[in-house]
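[1] Sequence and predicted structure, then a few things I'm wondering about:
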Number of protein chains: 2
Amino acid sequence: MKNDKILLSHGSGGKASHELINDLFLPAFSNPILDQLNDQAVLQFGDVRIAYTTDSYIIDPIFFPGGDIGKLAVCGTVNDLAMCGARPLYLSTGFIIEEGLSIDDLQKIISSMQKTADEAGVKIVTGDTKVANKGHVDKIFINTSGIGIVGNNVNISGSNAKEGDIVIVSGTIGNHGISVLSKREGLEFDAPIVSDCAPLNSLVMDMLSVSKNIKCLRDPTRGGLATTLNELAMQSNVGIMIDEANIPINDAVRGACELLGYDPLYVANEGVLVSIVPADEAPNILAKMIENKYGQDAQIIGEVIAEPKKVLLKTALSTTRIVDMLAGELLPRIC
Amino acid sequence: MKNDKILLSHGSGGKASHELINDLFLPAFSNPILDQLNDQAVLQFGDVRIAYTTDSYIIDPIFFPGGDIGKLAVCGTVNDLAMCGARPLYLSTGFIIEEGLSIDDLQKIISSMQKTADEAGVKIVTGDTKVANKGHVDKIFINTSGIGIVGNNVNISGSNAKEGDIVIVSGTIGNHGISVLSKREGLEFDAPIVSDCAPLNSLVMDMLSVSKNIKCLRDPTRGGLATTLNELAMQSNVGIMIDEANIPINDAVRGACELLGYDPLYVANEGVLVSIVPADEAPNILAKMIENKYGQDAQIIGEVIAEPKKVLLKTALSTTRIVDMLAGELLPRIC
């Protein structure tokens, strides 16, 4: 490890997070399932393939335009299951609550979790609640883990991309991060920016109904689209060329990013997925995505290339630049 | 709810925790699996029965005699799986780390988790790490969830106890809570008090090798033996009579409890289980438990009665008193 202390950037989802995983967690916990480095484990039980994942949510503020920590905790884990093509079925919840949190706030969070679980068609089947002394935790942290079933003939992994495959993004990027930042910092824009936080399992099921040959799926949360594309390129040992002109971004988000000095490619999303699919099936898959309410703004943004094994961006000026993984920490406590 | 704010006692595992669950969580999340109120969900996937559970660990201090937060996070979840007779197989980990935690400490915690996972025969297959700003979380919190397989013909639940059944405790009680408290408060005793923190799945497998008719298993963590016995009595709609003279307690723990004014019946354990078994099989099960290193001090401590539907303690003076569930909070951040 380069440092002797944990830094905020170790939780960014970017370079430092990957270093922490590669230098500390993997050497200790290494096993064939974990070593695949997908956002979920796929476990074989007899004839049944089960997807299994976990995430902790520490977002600040706990209520934000378009969602709250409860909705986020359900969507995030549902989406991690959906990203291997699994049908999410069951969630666990682990609450860590600060002494003094209002019961009203907790009630709102719980109701929001159940509403989102209903939409996603998952059941919360087991849970745990801890309370820490005032000042030992900031309001409320929620962990959810989840279990889903992976259908037959579905083989989705970050390592499946091949030269010539097409990269699709399901919606406008950057909304979640900018929405949370605006609320946290009390920024006001002409057009309100609302988080995209949403359960994407119905979108994935729609996509799989058109093609079982979807190769990669991942939700670009911490570290944003740029980091996720880098992860996929590394896992598949390929390059990815994307076209700036085709990346869907709301005008309000673009404006806020310009004002604040953020690159939307690195801003977190909570209701967007990236998919890599065979070129000949891309038009059908895209057409189906656009019919789903969470895929209306889906676009083809680029393609997989053999060399260089990097993520490249063709800019509006027709120049090409390398898009690296997030370095440092853009926005702490964003999810 | 009686209160408008979350209190420490809502995380005690005792009366206030049960109120929070009954008044807030169950009405929102209610479904047939959750409503069973066991420490784990049992899910049917084709012919396979899967046990599923979660717990967050927020113990202070993170290193204590006999263990650390990493060992605890593996043992606690392994034990919750074992308590329905499941064979624990896979764990997830969710780390929430305070900016500034030393990498050395994190490394020690991770190594301890892996060592304990190896002993318990489980694999850590998926995980997540978040970093919160300094002061937003106290050092490190760990969530683990776990998946195990429930064997055929095993039907263990808190609702199975019947009049005449025998209550066995697997070891001396109170060691974990007093060990952690001593370390936290800098108390020194003549004999060092070491946490009992241990994975109990091998002990449960040994017990099941003698009898498939074990009715209830539960590990008396927060709220201690008294609270667990009350939970079992309520779930099974029976009473339980225990004999003070037969409850195994180390002299050092007994002495510390007298000095500090704690009742060991309410002090947390992390390597002890309570089992309710048919009377005719109790001697064989007990004999097998004593052969296991985590069951050496096992004892029969009482029996199930029809009336009154309470937990009763026969004292050393041959009087009888009611032992209620923990009220208030004995020791915050004990697990």
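    On my side now, so go ahead.
[2] Could you point out the helix or strand that follows the longest helix seen in chain A?
    Using DSSP state H, we find that the single longest helix of chain A is helix A:103-120. For helix A:103-120, the following helix or strand on the C-terminal side (DSSP states H and E) is strand A:123-132.
[3] what packs against that next one?
    If you count contacts as 3 or more CB pairs under 8 Å, 6 or more residues apart in numbering or on different chains; DSSP states H and E, strand A:123-132 packs onto strand A:86-98, helix A:103-120, strand B:41-45, strand B:48-57. (Each C-beta comes from the backbone N, C-alpha and C, glycine too.)
[4] Now do the second one against strand A:86-98, angle only.
    So that's helix A:103-120. For helix A:103-120 against strand A:86-98, the angle by axes from the mean of the first three to the mean of the last three CA atoms, to 10 degrees is 180 degrees.
[5] contact partners of helix A:103-120?
    A:62-63, A:67-71, A:73-75, A:78, A:88, A:91, A:93, A:97, A:123-124, A:139-140, A:142, A:199, A:201-202, B:1, B:3-6, B:24-25, B:28-29 (CB atoms under 8 Å, 6 or more residues apart in numbering or on different chains).
[6] Just the ones in strands from those, please.
    Mapping the contacts of helix A:103-120 onto strands (DSSP state E) picks out A:63, A:67, A:68, A:88, A:91, A:93, A:97, A:123, A:124, A:140, A:142.
[7] now the residues you listed in TSV, with distance to residue B:267, neighbour count and pLDDT?
    As requested, the ones in strands among the contacts of helix A:103-120 are exported to TSV (distance: CB to CB, whole Å; neighbours: other CB atoms under 10 Å in any protein chain shown; pLDDT from 0 to 100):
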residue	distance to residue B:267	neighbour count	pLDDT
A:63	38	15	98
A:67	41	26	98
A:68	37	21	98
A:88	39	27	98
A:91	32	28	98
A:93	27	28	98
A:97	23	24	98
A:123	35	21	98
A:124	31	24	98
A:140	27	21	98
A:142	28	28	98
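[8] Tell me the one among those nearest to residue A:183.
    residue A:63 (7.8 Å; CB to CB).
[9] quick one, what contacts that closest one?
    Taking CB under 8 Å, 6+ apart, one finds A:69, A:105, A:108, A:183 in contact with residue A:63.
[10] Among the residues you listed, which one sits closest to chain B?
    residue A:105 (9.1 Å; CB to the nearest CB).
[11] Show me what the residue of the stretch 101-250 of chain A found nearest chain B is bridged to.
    Closest contact between the stretch 101-250 of chain A and chain B, by CB to the nearest CB, is at residue A:131 (2.9 Å). On the basis of DSSP bridges, residue A:131 is bridged to residue A:97.
[12] Tell me if I'm right that it and residue B:16 touch.
    No. In this structure, residue A:131 is not within contact of residue B:16 by CB atoms under 8 Å, at 9.1 Å.
[13] quick one, which of these two is more surrounded?
    residue A:131 (28 against 24; other CB atoms under 10 Å in any protein chain shown).
[14] could you list every residue that touches the more buried one?
    Contacts of residue A:131 (CB under 8 Å, 6+ apart): A:96, A:97, A:98, A:99, B:6, B:7, B:8, B:9, B:10, B:11, B:12, B:332.
[15] per-residue confidence at it?
    On pLDDT, residue A:131 comes in at 97.
[16] Then residue A:331?
    According to the model, residue A:331 carries a pLDDT of 89.
[17] so it sits right up against residue A:179, yeah?
    No. With contact defined as CB under 8 Å, residue A:331 and residue A:179 do not form a contacting pair (11.1 Å).
[18] With neighbour numbers in mind, choose between these two.
    residue A:179 (27 against 20).
[19] And for residue A:237, the neighbour number?
    11.
[20] sorry, that was for residue A:30
    12.
[21] can I assume residue A:215 is in contact with residue A:156?
    Yes. Using CB under 8 Å, residue A:215 is in contact with residue A:156, at 6.8 Å.
[22] So for these two, which residue has more residues nearby?
    Taking neighbours as other CB under 10 Å, residue A:215 and residue A:156 compare with residue A:156 leading, 26 against 23.
[23] so the more buried one, which of the three states?
    Secondary structure state of residue A:156, per DSSP: H, G, I helix; E, B strand; the rest coil, is coil.
[24] Need the pLDDT of it.
    The model's pLDDT for residue A:156 equals 95.
[25] Now do the contacts for the nearest residue to it once chain neighbours are set aside.
    Using CB to CB, 6 or more residues apart in numbering or on different chains and skipping the chain neighbours, the partner closest in space to residue A:156 is residue A:85 (4.5 Å). Taking CB under 8 Å, 6+ apart as the contact definition, residue A:85 lies against A:150, A:151, A:154, A:155, A:156, A:204, A:208, A:214, A:217.
[26] Give the full set of residues in contact with the third one.
    I take that to be residue A:154. Contacts of residue A:154 (CB under 8 Å, 6+ apart): A:84, A:85, A:208, A:212, A:214.
[27] Including pLDDT and secondary structure, could those residues go into a markdown table?
    Output for the contacts of residue A:154, formatted as a markdown table (pLDDT from 0 to 100; DSSP: H, G, I helix; E, B strand; the rest coil):
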| residue | pLDDT | secondary structure |
| --- | --- | --- |
| A:84 | 96 | coil |
| A:85 | 96 | coil |
| A:208 | 97 | helix |
| A:212 | 95 | coil |
| A:214 | 98 | coil |
